[in-house]
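> give me a 3D structure for the following:
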Amino acid sequence: MLRRIYRCGRSLVHRMANRIDTPVLVLLYHRVTTLESDPYLLAVTSAHFRAQMEYLRENFPVLRFGEEWAHLSKPGVVVTFDDGYADNLLEAVPILEEVGVPATFFVATGPIARGNGFWWDELESILLEGREFPAHFQLEDNKYGRQWPTATDSELQMLHRDILILMKKIDYRSREKLLQ
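Take a look at the predicted model:
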């Protein structure tokens, strides 16, 4: 009962705050392209992206990230991109320019400096792109005490999920060692 009262009260506070200070929704995109596989759900197709940008342009004030937002009389939208995949430039920018929607791009410079891609893309390539595996997979140092079956696609996907979770929790050097 107290939890329900708390949720209702919090909702009321949010609605009141939105009446005083008009909300701005920050949309975060990663990729605009068609991928054969997208286990991290990072991509939207060019056609869908175009439709989304046209909808935003027709229905909301679309703002620049660094722009002053205090003047808004109705909710606004800001479009951003994370990571800096090449398809941002090759596929998203032409659509943004055609539709007239500003966007802010946050580019991860580490992979550029190292001359490689993102570790999660490399992990996907290693585990999910048609390689041959023994019947079971075990990490070399075995400090995790786990062995994974790898005979079926679903077993490989489970291995991928588990290794992804593990790799999110470790430092860069340990992650690079595991990828090797």
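> which residues in this structure form strands?
For the chain, the strands defined by DSSP state E occupy 24-29, 31-32, 43-44, 62-63, 76-81, 104-105, 136-138, 147-149.
> want to try TSV for the ones you listed, with distance to residue 91 as columns?
Using the backbone N, CA and C atoms, a C-beta is placed for each residue, glycine as well. Converted to TSV, the strands of the chain look like this (distance: least, Cβ to Cβ, whole Å):
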stretch	distance to residue 91
strand 24-29	11
strand 31-32	5
strand 43-44	10
strand 62-63	19
strand 76-81	11
strand 104-105	13
strand 136-138	35
strand 147-149	35
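> most tightly packed of the ones you listed?
Neighbour counts (mean count of other Cβ atoms under 10 Å) averaged over each of the strands of the chain peak at strand 31-32, with a mean of 26.
> which helices and strands sit right next to that one?
Applying 3 or more Cβ pairs under 8 Å, 6 or more residues apart in numbering; DSSP states H and E, one finds that strand 31-32 contacts strand 43-44.
> quick one: the strand it packs on to chain centroid distance?
Distance of strand 43-44 from the chain centroid (Cα atoms, centre = their mean, to the nearest Å) equals 9 Å.
> ok, that strand: who's next to it in the sheet?
strand 31-32 (parallel) (DSSP bridges).
> what lies in contact with the partner strand?
42-46, 49, 83, 85, 87-88, 91-92, 95 (Cβ atoms under 8 Å, 6 or more residues apart in numbering).
> and those, which of them are buried?
Among the contacts of strand 31-32, those classed as buried by neighbour count (16 or more other Cβ atoms under 10 Å) are 42-44, 46, 49, 83, 85, 87-88, 91-92, 95.
> just the ones of these in helices?
Among the buried ones among the contacts of strand 31-32, the members found in helices (DSSP state H) are 46, 49, 87, 95.
> near the nearest residue in space to residue 150 that is not next to it in sequence, how many other residues are there?
Spatial nearest neighbour of residue 150, excluding adjacent residues (Cβ to Cβ, 6 or more residues apart in numbering): residue 133 at 4.1 Å. With neighbours defined by other Cβ atoms under 10 Å, the count for residue 133 comes to 15.
> residue 8 versus residue 133, what's the distance?
Counting by Cβ to Cβ, to the nearest Å, the gap between residue 133 and residue 8 amounts to 52 Å.
> check residue 41 too.
From residue 41 across to residue 8, the span is 32 Å (Cβ to Cβ).
> repeat that for residue 116.
From residue 116 to residue 8 the distance is 50 Å (Cβ to Cβ).
> those two: which is more packed in?
Between residue 116 and residue 8, counted using other Cβ under 10 Å, the more crowded position is residue 116 (13 against 10).
> neighbours around the residue nearest to that one when sequence neighbours are not counted, how many?
Nearest residue to residue 116 in three dimensions, chain neighbours excluded: residue 122, at 7.2 Å (Cβ to Cβ, 6+ apart). Other residues lying near residue 122 total 15 when counted by other Cβ under 10 Å.
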